[in-house]
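Trainee: only the shape, not the letters, is given here:
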């Protein structure tokens, strides 16, 4: 419920009440509505030594049945009695036992359950608390779904671990009196009005994740709120991989486009070609910042290992290679200052056209620099001559002159990177976290 607060002994006692109701259950499904009850339920399951399986309240009956069957859930918590009270136990140690099973979107098949161990959550939350100077004196506000890692782990278990109060603002992100931290996704930051952004001047830190933060959105937020957004990089399977430090937001000059900072404490990052060769071990590595990566190519796949890594996908084989590296499917490059820049996804954002490799992210950045374009998505479509052709979908703020747009792009992109078709649409398809669903765009154009 919008405006609900989490803090103090009442929270602990309510979680203790859940412990009593789930005693003996190994895996417990929790219908993850954006309420205090959801976090109380998850906390109670973890304190009881069980594994919580968040259930998206918007999921279809078929998808929910798949999750319940795949995870072999013992019971489901839906309506939680917050008046039930009991003394909570200390809970199990932060070891390798599973705390959460979080199901991915299933874009290439049925959703897969990522098993997140207790030690990964503890280590990662401690790492970002240090980087973000997050303490019990902060008050966090957000409007994120609690069925995803962003809202549940960082925005839910994070406040529980640091001892900071949480205010969930419901479906929409709105200013909260006294809030010092705000978490959001690019679509939420873009939706805030001028007056709301002005009210955020009293906050200490604004954090964005889950998708690329457009430069135009970042600059607007900075102009109206006085804050430079901290743009971090995370996945369900890895938790937070990279993040700027608080000090990085206070220096002169604008942050690099799409920079997501340095690997967080406990995480190692390297870049490799799709075949796993030519690894780049990052800052200080042979091919690290200033090396052969450059900033004009599509990038290489981001590999990660470390304390925040998941245990694997439930019921499936190993998800890491023999040295413990997990392939994220994201493309990236090291910048001159040693930070990581994301350039897209290997499956949707690495376009192979006429023998060249084109990064969709670079083309999108140029499109978004056009004053008449508010949103942009670029994909590769099958082409008999080129293998793939570059195609763009844009949301315009004014009628676009096609010839002027072509000239604008030609002055900024090499010929093989130019979109061969540009579609003007009212909006881009997005998921619950506001991330653009590029596969839907590509499917629309398939014969």
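Mentor: Arrived safely, thanks for sending. No experiment lies behind these values; they were computed from the predicted model shown.

Trainee: first-to-last residue distance for stretch 250-270?
Mentor: 27 Å (CA to CA, to the nearest Å).

Trainee: the chain should start at 12 in everything you say after this.
Mentor: Noted, 12 is the first residue going forward, which turns the last one into stretch 261-281.

Trainee: pLDDT (mean, whole number) over it?
Mentor: The average pLDDT within stretch 261-281 is 77.

Trainee: same check, this time on stretch 37-56
Mentor: 93.

Trainee: for that stretch, which positions count as buried?
Mentor: 38-56 (16 or more other CB atoms under 10 Å). All C-beta spots, glycine's among them, are computed from the backbone N, C-alpha and C.

Trainee: these in strands, which ones?
Mentor: 38-42 (DSSP state E).

Trainee: could you check which helix or strand contains residue 125?
Mentor: strand 124-128 (DSSP states H and E).

Trainee: partners of that strand in the sheet?
Mentor: strand 109-114 (antiparallel), strand 323-324 (antiparallel) (DSSP bridges).

Trainee: deepest in the core, which of those is it.
Mentor: Highest mean neighbour count of the strands paired with strand 124-128: strand 109-114, a mean of 24 (counted as mean count of other CB atoms under 10 Å).

Trainee: tell me the contacts of the nearest residue to residue 435 once chain neighbours are set aside?
Mentor: Counting by CB to CB, 6 or more residues apart in numbering, residue 435 lies nearest to residue 407, which is 5.4 Å off, once chain neighbours are set aside. With contact set as CB atoms under 8 Å, 6 or more residues apart in numbering, residue 407 has these partners: 383-385, 435.

Trainee: same deal with residue 386?
Mentor: 225, 379, 405-406, 438-439.

Trainee: about what we covered before: so which of the strands paired with strand 124-128 is nearest residue 188?
Mentor: For the strands paired with strand 124-128, proximity to residue 188 was assessed by CB to CB; strand 109-114 is nearest, at 31.7 Å.

Trainee: what about the closest residue to residue 144 other than its chain neighbours, distance to residue 168?
Mentor: Once flanking residues are discounted, residue 144 sits nearest to residue 257: 5.2 Å by CB to CB, 6+ apart. According to CB to CB, to the nearest Å, residue 257 and residue 168 sit 21 Å apart.

Trainee: domains in the chain, as residue ranges please.
Mentor: 12-103, 359-458 (automatic domain parsing).

Trainee: mind checking those for the one nearest to residue 253?
Mentor: Residue 253 lies closest, by CB to CB, to one member of the domains of the chain: domain 359-458, at 16.0 Å.

Trainee: next SSE after the helix or strand in which residue 229 is found?
Mentor: For residue 229, the host element (DSSP H and E) is helix 226-236. Next along the chain after helix 226-236, taking DSSP H and E as the criterion, comes strand 241-242.

Trainee: pLDDT weak spots in the stretch 162-311 of the chain?
Mentor: The stretch 162-311 of the chain contains residues with pLDDT under 70 at 262-269, 285-309.

Trainee: show me where it has its strands.
Mentor: For the stretch 162-311 of the chain, the strands defined by DSSP state E, counting those that start in this stretch occupy 177-179, 192-195, 216-219, 241-242, 244-246, 250-254, 273-274, 278-283, 311-317.

Trainee: so residue 82 sits against residue 126, correct?
Mentor: No. Using CB atoms under 8 Å as the test, residue 82 is too far from residue 126 to be in contact (9.6 Å).

Trainee: excluding chain neighbours, what is closest to residue 70?
Mentor: residue 78 (7.4 Å).

Trainee: quick one on the thing from earlier: now intersect the contacts of residue 386 with the helices, please.
Mentor: Among those, the residues falling in helices (DSSP state H) are residue 379.

Trainee: buried among the contacts of residue 386? Make that a PyMOL selection.
Mentor: For the buried members of the contacts of residue 386, the matching PyMOL selection, counting by 16+ other CB under 10 Å, is:
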select buried, resi 225+379+405+439
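
Trainee: of the contacts of residue 386, closest to residue 317?
Mentor: Once CB to CB is applied, the member of those that ends up nearest residue 317 is residue 225, at 28.9 Å.

Trainee: now for that closest one: which residues touch it?
Mentor: Residue 225 makes contacts with 197, 201, 379, 386, as judged by CB under 8 Å, 6+ apart.

Trainee: list the ones among those that fall in helices.
Mentor: Per DSSP H, the subset of the contacts of residue 225 in helices is 197, 201, 379.

Trainee: with distance to residue 334 as added columns, please give those residues in CSV.
Mentor: Shown next, in CSV, are these (distance: CB to CB, whole Å):
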residue, distance to residue 334
197, 33
201, 39
379, 37
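
Trainee: so what does the helix or strand containing residue 27 touch, helix or strand wise?
Mentor: Taking DSSP H and E as the definition, residue 27 sits inside helix 19-32. Judged by 3 or more CB pairs under 8 Å, 6 or more residues apart in numbering; DSSP states H and E, helix 19-32 is in contact with helix 47-58.

Trainee: how far away from the center of its chain is the next helix or strand after the helix it packs on?
Mentor: Going down the chain from helix 47-58, the next helix or strand is strand 62-66, by DSSP H and E. Chain-centre distance of strand 62-66: 19 Å, with CA atoms, centre = their mean, to the nearest Å.

Trainee: same thing with stretch 395-410?
Mentor: For stretch 395-410, the distance from its own C-alpha centre to the chain's C-alpha centre is 25 Å (CA atoms, centre = their mean).

Trainee: list the buried ones in that stretch?
Mentor: Within stretch 395-410, the residues scored as buried using 16+ other CB under 10 Å are 397, 399-405, 407.

Trainee: before we move on, what about stretch 248-261?
Mentor: Within stretch 248-261, judged by 16+ other CB under 10 Å, the buried ones are 248-255, 259-260.

Trainee: turn the residues you listed into JSON lines, including distance to residue 342.
Mentor: Shown next, in JSON lines, are the buried residues of stretch 248-261 (distance: CB to CB, whole Å):
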{"residue": "248", "distance to residue 342": "17"}
{"residue": "249", "distance to residue 342": "15"}
{"residue": "250", "distance to residue 342": "20"}
{"residue": "251", "distance to residue 342": "19"}
{"residue": "252", "distance to residue 342": "14"}
{"residue": "253", "distance to residue 342": "14"}
{"residue": "254", "distance to residue 342": "19"}
{"residue": "255", "distance to residue 342": "20"}
{"residue": "259", "distance to residue 342": "22"}
{"residue": "260", "distance to residue 342": "25"}
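
Trainee: so residue 85 sits right up against residue 56, yeah?
Mentor: No. Here residue 85 lies out of contact with residue 56, judged by CB under 8 Å, at a distance of 10.5 Å.

Trainee: need the overlap of contacts for these two.
Mentor: Common neighbours of residue 85 and residue 56, using CB under 8 Å, 6+ apart, are 36, 39.

Trainee: nothing else from me, thank you.
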